[in-house]
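Peer 1: task: produce atomic coordinates for the following.
(chains A and B)
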Protein chains: 2
Amino acid sequence: MSEVMTPDAAKAIIGASPFLGQLVTMLRAQDTYGSWDGKSDAEVLMPYIVDKAARKLIPIIDDPDPDVLWRVELFYNAAGLAIERKTGIIAAPMIKINHEGFGRATLVVGRLIAYSKYHRDIHRFGFDSLQALAEGGDRIVDEAAALIGRFPDVANFG
Amino acid sequence: MSEVMTPDAAKAIIGASPFLGQLVTMLRAQDTYGSWDGKSDAEVLMPYIVDKAARKLIPIIDDPDPDVLWRVELFYNAAGLAIERKTGIIAAPMIKINHEGFGRATLVVGRLIAYSKYHRDIHRFGFDSLQALAEGGDRIVDEAAALIGRFPDVANFG
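Peer 2: Got it, this is the predicted structure:
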């Protein structure tokens, strides 16, 4: 992590973020053998924290690491669930990233693309700090919820 | 092909279908060495005609043939272009099909999913006849155009 953070400070950030709550739940759900039982939530989230210095060390020549793609999937899955918590309608991620690490991630609600982002250099996917991760995820949830509120007919279509 | 068709009958079907016109153009654009110059439009479209008997012969155990995935891409690209011809707004295909041949194909216009279809057994993608191919494609274009007309704010968003 890029900064030294007390466990209490980390807990406060996680507790305040609806998105992070879902992300921790999603991550722990993958841990079928309970090997993370001794880890704190902040530790489970650690792989998402990639600060500038760490980012520079990740090569972007090769194909993206499958672990990164898995983290991206879970990131958007968690955002989709947090959107459901907020709006009552589920948002399904539709992510298409090519082997060069370029692509698009969307959150789809009915016939509405509630959120859309073009990614490049997905190899280096990550956030500067736990706070930045929380803000990034919560911003997606808020943006999507606002668009669902604006176009309810499209979100509820079909 | 499933039935014997005169070249004139094929030409009439292709001429009457805005979708098929685009599909032929797209296919010919891939033929950078001109090896299809001697082929009629109907012949160029032939790989899309997979009748029931032919379909049964295609195994669905293995990964889908890359040629099939390429044909699916071009199919939806052509639909996207035909939608642009009709509505003035381009529709971008976003296709995600897994290695088992299951997945979803969408046509995206702004923030609107103008068309969405779940595919399975993509290995066997094809149509019973040239007429069925024309109708299938034109139906997608009409459906998407209708939805764009209904939700113009979403289609023009961003």
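
Peer 1: and chain A, which of its residues are near chain B?
Peer 2: Proximity of chain A to chain B, by C-beta under 8 Å from any C-beta of the partner chain, involves residues A:94-96, A:104, A:106, A:108, A:111-114, A:116, A:147, A:151, A:153-154, A:158. Glycine gets a C-beta too; all of them are placed from N, C-alpha and C.

Peer 1: buried among those? Make that a PyMOL selection.
Peer 2: Under the burial definition 16 or more other C-beta atoms under 10 Å in any protein chain shown, those of the residues of chain A next to chain B that qualify are selected in PyMOL by:
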select buried, chain A and resi 94+95+104+106+108+111+112+113+114+116+147+151+154
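
Peer 1: rank the residues of chain A next to chain B by pLDDT and give me only the lowest.
Peer 2: In terms of pLDDT, the lowest of those is A:Gly158, showing 74.

Peer 1: which ones are touching that one?
Peer 2: A:Gly110, A:Arg111, B:Ser116 (C-beta atoms under 8 Å, 6 or more residues apart in numbering or on different chains).

Peer 1: quick check: A:Val50 touching A:Gly126?
Peer 2: Yes. A:Val50 is within contact range of A:Gly126, at 2.6 Å (criterion: C-beta atoms under 8 Å).

Peer 1: part of a strand, is A:Pro93?
Peer 2: Yes. When DSSP: H, G, I helix; E, B strand; the rest coil is applied, A:Pro93 is found to be in a strand.

Peer 1: how about it, nearest residue that isn't a chain neighbour?
Peer 2: Nearest residue to A:Pro93, sequence neighbours excluded (C-beta to C-beta, 6 or more residues apart in numbering or on different chains): A:Tyr76, at 3.8 Å.

Peer 1: how about the helices of chain A, start to end?
Peer 2: Applying DSSP state H to chain A gives helices spanning A:7-16, A:18-30, A:41-45, A:52-56, A:66-87, A:130-150, A:152-155.

Peer 1: let's have those helices in CSV, adding distance to B:Asp62.
Peer 2: Output for those, formatted as CSV (distance: least, C-beta to C-beta, whole Å):
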stretch, distance to B:Asp62
helix A:7-16, 45
helix A:18-30, 29
helix A:41-45, 38
helix A:52-56, 39
helix A:66-87, 22
helix A:130-150, 38
helix A:152-155, 38
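
Peer 1: I figured A:Arg85 hits A:Thr25, correct?
Peer 2: No. Using C-beta under 8 Å, A:Arg85 is not in contact with A:Thr25; the gap is 10.8 Å.

Peer 1: related to what we said a few turns ago, relative to A:Ala145, how far out is the residue nearest to A:Pro93?
Peer 2: Per C-beta to C-beta, to the nearest Å, A:Tyr76 is found 15 Å from A:Ala145.

Peer 1: one more: A:Asp63?
Peer 2: 34 Å.

Peer 1: and what of A:Val44?
Peer 2: Distance from A:Val44 to A:Ala145, by C-beta to C-beta: 25 Å.

Peer 1: chain center to stretch A:113-130, what's the gap?
Peer 2: 8 Å (C-alpha atoms, centre = their mean, to the nearest Å).

Peer 1: returning to that earlier point: what's the closest of the contacts of A:Gly158 to A:Ile140?
Peer 2: For those, the residue nearest A:Ile140 by C-beta to C-beta is A:Gly110; the value is 17.6 Å.

Peer 1: residue contacts, the closest one?
Peer 2: A:Ile89, A:Val154, A:Ala155, A:Asn156, A:Phe157, A:Gly158.

Peer 1: same question for A:Gly101.
Peer 2: So A:Gly101 contacts A:Ile60, A:Asp63, A:Pro64, A:His119, A:Arg120, A:Asp121, A:Ile122, A:His123 (C-beta under 8 Å, 6+ apart).

Peer 1: ok, so of these, who is nearest A:Thr32?
Peer 2: Nearest member of the contacts of A:Gly101 to A:Thr32, counting by C-beta to C-beta, is A:Pro64, at 24.2 Å.

Peer 1: ok, what's across the strand from the closest residue to A:Leu133 other than its chain neighbours?
Peer 2: Using C-beta to C-beta, 6+ apart and skipping the chain neighbours, the partner closest in space to A:Leu133 is A:Phe127 (4.0 Å). A:Phe127 forms beta bridges with A:Ile49, as assigned by DSSP bridges.
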